[in-house]
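S.K.: Sequence first, then the predicted structure:
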Amino acid sequence: MLALVLPLFGPVGAMMGPALGQSTVSLILTDPLTGVAIGGFDPISYFTEPAPLPGRPDHEFDWMGAPWYFANPANLEIFRRHPELYSPQFGGHGAMSLSRGFVADADPAIYVVYKERLYLFYSAANREAFLLAPDAAALRAEEHWQVLSKTLSRE
């Protein structure tokens with residue numbers, strides 16, 4: 001059996017080249033099925049409840065190109081006034097992954113509120129690694145986010 005191998009240069013590679021550099025990852029992490037930010041959890045509830053509460057579609061607010069759900073109208077109003085304080089750091093992408101230099105999904109159920117900021121993680125192990133040196137991990141993640149976020153889709 002013969003396999004056709006096309007080089008990534010020349011006429012075919014030139015046509016494919018630009019698409020390879022484009023991002024398919026959004027600035028705000030959303031549920032792939034619903035399109036809702038942070039899996040539909042109420043971002044305010046991470047700060048006020050023992051565990052995050054599911055938001056409701058009838059309490060929706062669009063911010064940064066994504067719908068956000070809230071458990072009640074009061075939480076929606078708090079977020080509307082100060083979304084940058086209550087939204088997860090790094091658009092909800094994994095904080096420890098960013099600390100290591102790459103963008104990865106996060107699980108909204110795996111989180112920590114540290115220094116009044118919400119951080120989400122891909123796994124419990126990543127959260128534990130972050131908590132070993134949270135100041136250093138947050139600083140490295142912020143440095144990488146400044147560069148990597150510019151490559152992400154705004155839609």
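M.R.: Arrived safely, thanks for sending.
S.K.: rest of the way, CA atoms for contacts and neighbours
M.R.: Will do.
S.K.: This protein: helices as residue ranges?
M.R.: Listed in chain order, the helices found in the chain under DSSP state H are 10-20, 45-48, 73-81, 83-86, 95-99, 124-132, 134-148.
S.K.: which of those sits most buried?
M.R.: Neighbour counts averaged per stretch over the helices of the chain are highest for helix 95-99, at a mean of 25; criterion: mean count of other CA atoms under 10 Å.
S.K.: what distance separates that one from the middle of the whole chain?
M.R.: Distance of helix 95-99 from the chain centroid (CA atoms, centre = their mean, to the nearest Å) equals 11 Å.
S.K.: mean confidence score for that helix?
M.R.: Model confidence over helix 95-99, given as mean pLDDT, is 97.
S.K.: Let me see the residues that make contact with it.
M.R.: For helix 95-99, the external contacting residues (CA atoms under 8 Å, 6 or more residues apart in numbering) are 89, 103-104, 119-122, 126-127, 129-130, 137-142, 144-145.
S.K.: if you set the cut-off to 10 Å instead, what comes out?
M.R.: 88-90, 101-106, 111, 118-123, 125-131, 134, 136-145, 148 (CA atoms under 10 Å, 6 or more residues apart in numbering).
S.K.: Also stretch 110-117?
M.R.: If you take CA under 10 Å, 6+ apart as the criterion, stretch 110-117 is touched by 46-47, 51-52, 84-89, 92, 94-95, 118-128, 130-131, 134-135, 138.
S.K.: Good, we can wrap up now.
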